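Colleague: Using only what follows, build the 3D model:
(one chain, ligands or ions: 1)
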Amino acid sequence: MTAQLIDGNALAKKIRAEVAERAAALTARGKQPGLAVILVGDDPASQVYVKHKVNDCETSGVRSVLDKYEATLSEAALLARIEELNNDPTIHGILVQMPLPRHIDPQKVIETISPLKDVDGFHVQSAGALMVGRAGFLPCTPYGCMKLIETTGLSLKGKNAVVIGRSNTVGKPMAMLLLQANATVTICHSNTADIGQYTRQADVVVAAVGRRNVLRADMVKPGAVVIDVGMNRNDEGKLCGDVDFAGVSEVAGWITPVPGGVGPMTRAMLLVNTIEAAERAAS
Ligand code: GUN
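Modeller: Numbering: from 1, shown residues only. All right, here's what the predicted structure looks like:
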């Protein structure tokens with residue numbers, strides 16, 4: 001392996017420590033930050049994610065409120081609960097874990113969350129703020145990816161960056177953040193004829209598709225920074241990303257592992273957004 005590993009666990013730990021300091025300062029002023037986490041149904045992966053988020057709050061001095069509901073919860077009841085949390089001055093961030101049961105419209109739910117408490121950064125107002133370079137909340141995964149890229153010391157100014165994937169939660173906001181950092185940005189997706197044609201020119205590649213081996217060694221420019229957002233299982237049931245790690249790490253200059261790369265940073269940036277929301281409310 002020639003690439004240097006970008007250690008998401010270590011960076012997330014450092015960020016959690018900074019969050020803890022800021023949380024302590026707010027708490028000393030009687031304004032402890034609070035995050036509400038809503039889980040509807042019993043999706044096993046969602047249960048694990050939510051448990052981690054609540055644990056992260058505890059270790060960082062952020063108060064968390066966990067609302068668990070049966071999968072039969074009505075959309076109206078969920079929206080009413082969100083309105084209640086919007087009006088609760090002790091709650092600064094609201095996160096509704098996705099996916100939701102099929103009878104609940106996720107977009108309606110996201111748009112009911114006050115943009116001032118939208119710590120997921122999924123609200124249309126947050127997306128618009130990012131688009132025009134105004135202060136809002138950044139979606140946690142792309143925000144974390146930018147922090148990971150920063151650790152390499154690479155200046156993005158004038159560099160070629162390729163994002164593989166165009167989701168509203170990762171691909172699109174990731175491209176906007178890279179653009180704001182003055183990179184020349186290309187978005188590849190399922191209809192792109194030859195993804196390698198673009199990635200071979202790229203100084204930075206962010207793979208966010210949700211499919212194994214989307215990025216292979218022959219598609220990477222030597223020395224490139226490779227960020228792997230994917231969370232998949234291989235044939236042996238082992239967690240793996242979108243990048244062929246063994247092959248690409250022989251060509252890239254920097255690479256994030258899965259697990260231990262983007263995942264812990266997504267959780268860390270949720271805490272950062274929650275602290276930011278609490279500080280804004282306190283000022
Ligand atoms: N489900 C999987 N990832 C996420 C996330 O970042 N936020 C929310 N709300 N749900 C998710």
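
Colleague: From here on, just use CA atoms for contacts and neighbour counts.
Modeller: Will do.

Colleague: The residue in the stretch 101-250 of the chain that the ligand sits nearest to: neighbouring residues, count only.
Modeller: In the stretch 101-250 of the chain, the residue that lies nearest the ligand is residue 120 (5.8 Å; C-alpha to the nearest ligand atom). The tally of other residues near residue 120 (other C-alpha atoms under 10 Å) stands at 25.

Colleague: residues of the strand or helix carrying residue 108 that come out buried?
Modeller: Residue 108 is part of helix 106-112 when elements are defined by DSSP states H and E. Going by neighbour count (16 or more other C-alpha atoms under 10 Å), the buried part of helix 106-112 is 106, 109, 110, 112.

Colleague: ok, now which ones touch the third one?
Modeller: With contact taken as C-alpha atoms under 8 Å, 6 or more residues apart in numbering, residue 110 is in contact with 96, 122, 123.

Colleague: Surely the last one is in contact with residue 115?
Modeller: Think residue 123. Yes. Using C-alpha atoms under 8 Å, residue 123 makes contact with residue 115 at a distance of 6.5 Å.

Colleague: who's more crowded, the two?
Modeller: Using other C-alpha under 10 Å as the criterion, residue 123 and residue 115 rank with residue 123 on top: 25 against 22.

Colleague: give me phi/psi at the more buried one?
Modeller: Main-chain dihedrals, residue 123, degrees, to the nearest 10: phi -60, psi 150.

Colleague: How much space separates it from residue 264?
Modeller: 22 Å (C-alpha to C-alpha, to the nearest Å).

Colleague: among the contacts of residue 110, which are in reach of the ligand?
Modeller: residue 96 (C-alpha under 6 Å from any ligand atom).

Colleague: Around the ligand, pick out the residues from the stretch 101-250 of the chain.
Modeller: Within the stretch 101-250 of the chain, the positions lying close to the ligand (C-alpha under 6 Å from any ligand atom) are residue 120.

Colleague: so where's the stretch 101-250 of the chain shaky on pLDDT?
Modeller: For the stretch 101-250 of the chain, no stretch has pLDDT under 70.

Colleague: Please list all residues in contact with the residue of the stretch 101-250 of the chain closest to the ligand.
Modeller: So residue 120 contacts 94, 95, 137, 138, 139, 140, 270, 273 (C-alpha under 8 Å, 6+ apart).

Colleague: what's the burial count for the closest residue to the fourth one other than its chain neighbours?
Modeller: Think residue 138. Excluding its sequence neighbours, the residue lying closest to residue 138 (C-alpha to C-alpha, 6 or more residues apart in numbering) is residue 121, at 5.0 Å. For residue 121, the count of nearby residues is 27 (other C-alpha under 10 Å).
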